[in-house]
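Participant: fold the following.
(one chain, ligands or ions: 1)
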Amino acid sequence: MEIPRTLVLTGHFPPEPGGVQTFTWELVRRLPADRLLVVAPAWAGAAEFDAGLPFPVVRRRGYLLFRGLRRLVARHRIDAGWITAAAPFAMYAPFVRAAGVGRLVGSTHGQELGWFRAAPTRAALRAAAGSFDALTHLCASTLPELEDALGGRTRLVRLAGAVDTGRFRPGLDGTAIRRRHALGTGPVVLSVARLVRRKGHDTLIRAWADVVRRRPDARLVIVGDGPMLRRLTELGDRTAPGSVTVTGPVSADDLPLYYAAADVFALPCRDDRRGLQTEGLGLSTLEASASGLPVVVGRSGGSPESLVDGRTGVLVDASRGPDELALALHRLLADPGRARALGAAGRRWTCAEWSWDGAADRLAALLRGSPLGAHDEREPHRPGTEPAWDSRIG
Ligand SMILES: Nc1nc2c(ncn2[C@@H]2O[C@H](COP(=O)(O)OP(=O)(O)O[C@H]3O[C@H](CO)[C@@H](O)[C@H](O)[C@@H]3O)[C@@H](O)[C@H]2O)c(=O)[nH]1
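Facilitator: Below you'll find the predicted structure:
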């Protein structure tokens, strides 16, 4: 895979967990290491993490705009740039250009929709968009709004995340996780996400009070870190005492085992702050499907494209309260055969449709300025809609 010498400017990079971090990491590690320079924020444990990487990472404290950019670009003979999250880092695009970077690609993750829905940030993003050769987007369903907001200022190309189906797979042993959190032998519902409001964990815990009334042996496990950690822990203790575990952050090694310990995955995301916060796609939903779990997902932004409603899981509207979610969870727990069938279809679907290698090839082509081939930007790939897909999912 050929790429020009590329500067990756990112505000989201491991070991910090999160969706843009996963997206950036899974793509960067597939690009030719000798052509890369990554500029990322400082983070606890970053020095140990970076020491094992085959490409250099420059860590910066706070925001990434810095005086040495021009020098760095010259010293590493950088030809191309990738700004991994347009909100807010698109603002750097004119400076990156001015530092001598010839070709520039930026990626959007759903948050940009919120930026476009408010006048000041909309103007700022529109102004910066012209500095990119291409901006990437995640989903077919959110493309029209993005196109409209950008008004043709740059080319829009689909580049969605994917899932590592070797790391997340059925058949792993979740016993140690069940023991660690004293989950017993009943069904476990799992949620994995940064703990921010739009992920809908509060609605999940409220729904859980209803679920556990009918299934007292069921347990809810919420994995992740974020500003809602304490509130959710308290809400769980108050609403459904003894049946909700909020773990806080877990290690990358343990994460697949949490999926293995579970029977159902739930991410009842919803638009928040009057549409200023919206879901881009949902990588943890893909991880759950790859692990063979049925998924229950809330409708927000591109989230409907992270499952096949009725085939790999159930799409709910979590913005109207917990009832629809509680019913979907209850039905899955009451019918393990159906739950297993949805999970198995999810596994086949993610293996057939969601490949990081394919995404990395697309990114490499964008950085080179080569044609993209099969799926061009005006006809975005719509997972699950190809005629061939039905036979692959079985
Ligand atoms: N190891 C570990 N990983 C975690 C933890 N909590 C979350 N993660 C990981 O963090 C990622 C969460 O990604 P998303 O579910 O996609 O949500 P996001 O952080 O809001 O990401 C944003 O960008 C994504 C990439 O484009 C979008 O898919 C997503 O919708 C959203 O816009 C997943 O890979 C999940 O496994 C944790 O405690 N530990």
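Participant: residue 99: neighbour count?
Facilitator: 18 (other Cβ atoms under 10 Å). C-beta: built from backbone N, CA, C; applies to glycine.
Participant: how close does it sit to the ligand?
Facilitator: 26 Å (Cβ to the nearest ligand atom, to the nearest Å).
Participant: show me what contacts that residue?
Facilitator: For residue 99, the contact set (Cβ atoms under 8 Å, 6 or more residues apart in numbering) comprises 69, 70, 72, 73.
Participant: got the phi and psi for it?
Facilitator: The phi/psi pair for residue 99 (degrees, to the nearest 10) reads phi -80, psi -10.
Participant: what's the most distant pair in the contacts of residue 99?
Facilitator: Using Cβ to Cβ, the contacts of residue 99 span at most 7.3 Å, a distance reached by 70 and 72.
Participant: leaving out chain neighbours, which residue sits closest to the residue of the chain at minimum distance from the ligand?
Facilitator: Proximity to the ligand, evaluated over the chain using Cβ to the nearest ligand atom, is greatest for residue 19 at 1.8 Å. Using Cβ to Cβ, 6 or more residues apart in numbering and skipping the chain neighbours, the partner closest in space to residue 19 is residue 283 (5.0 Å).
Participant: and that neighbour, how many residues sit next to it?
Facilitator: Residue 283 has 23 nearby residues by other Cβ under 10 Å.
Participant: any idea how far it is from residue 138?
Facilitator: 10 Å (Cβ to Cβ, to the nearest Å).
Participant: helix, strand or coil for residue 365?
Facilitator: Secondary structure state of residue 365, per DSSP: H, G, I helix; E, B strand; the rest coil, is helix.
Participant: tell me, how many residues neighbour it?
Facilitator: Neighbours of residue 365 (other Cβ under 10 Å): 17.
Participant: ok, and the closest non-adjacent residue to it?
Facilitator: residue 372 (5.4 Å).
Participant: spell out which parts of this structure neighbour the ligand.
Facilitator: 17-20, 22-23, 109-110, 138, 161, 192-194, 223-225, 249-250, 252, 255, 279-284, 287 (Cβ under 6 Å from any ligand atom).
Participant: ok, the residue of the chain closest to the ligand - contacts?
Facilitator: 109, 161, 194, 280, 281, 282, 283, 284.
Participant: ok, these vs residue 318, which is closest?
Facilitator: residue 282 (12.7 Å).
Participant: neighbours around that closest one, how many?
Facilitator: 28.
Participant: I figured it hits residue 269, correct?
Facilitator: Yes. With contact defined as Cβ atoms under 8 Å, residue 282 counts as touching residue 269 (6.9 Å).
Participant: need the residues touching each of the two.
Facilitator: By Cβ under 8 Å, 6+ apart, the residues touching both residue 282 and residue 269 are 297, 303.
Participant: which of the residues in stretch 141-149 are classified as buried?
Facilitator: Residues 141, 142, 143, 145, 146, 149 are the ones in stretch 141-149 that count as buried (16 or more other Cβ atoms under 10 Å).
Participant: give me the buried positions along the helix ranked longest in the chain.
Facilitator: If you go by DSSP state H, the chain has its longest helix at helix 336-353. For helix 336-353, the neighbour count (16+ other Cβ under 10 Å) marks 339-340, 342-353 as buried.
Participant: looking at those, which is nearest residue 118?
Facilitator: residue 353 (33.5 Å).
Participant: distance of that closest one from residue 202?
Facilitator: From residue 353 to residue 202 the distance is 31 Å (Cβ to Cβ).
Participant: got the domain ranges for the chain?
Facilitator: Per automatic domain parsing, the structural domains of the chain span 6-162+355-368, 175-351.
Participant: tell me the most buried of those domains?
Facilitator: Stretch with highest mean neighbour count among the domains of the chain: domain 175-351 (a mean of 21; mean count of other Cβ atoms under 10 Å).
Participant: distance between that one and the chain's centre?
Facilitator: 15 Å (Cα atoms, centre = their mean, to the nearest Å).
Participant: quote the end-to-end distance of that domain.
Facilitator: 25 Å (Cα to Cα, to the nearest Å).
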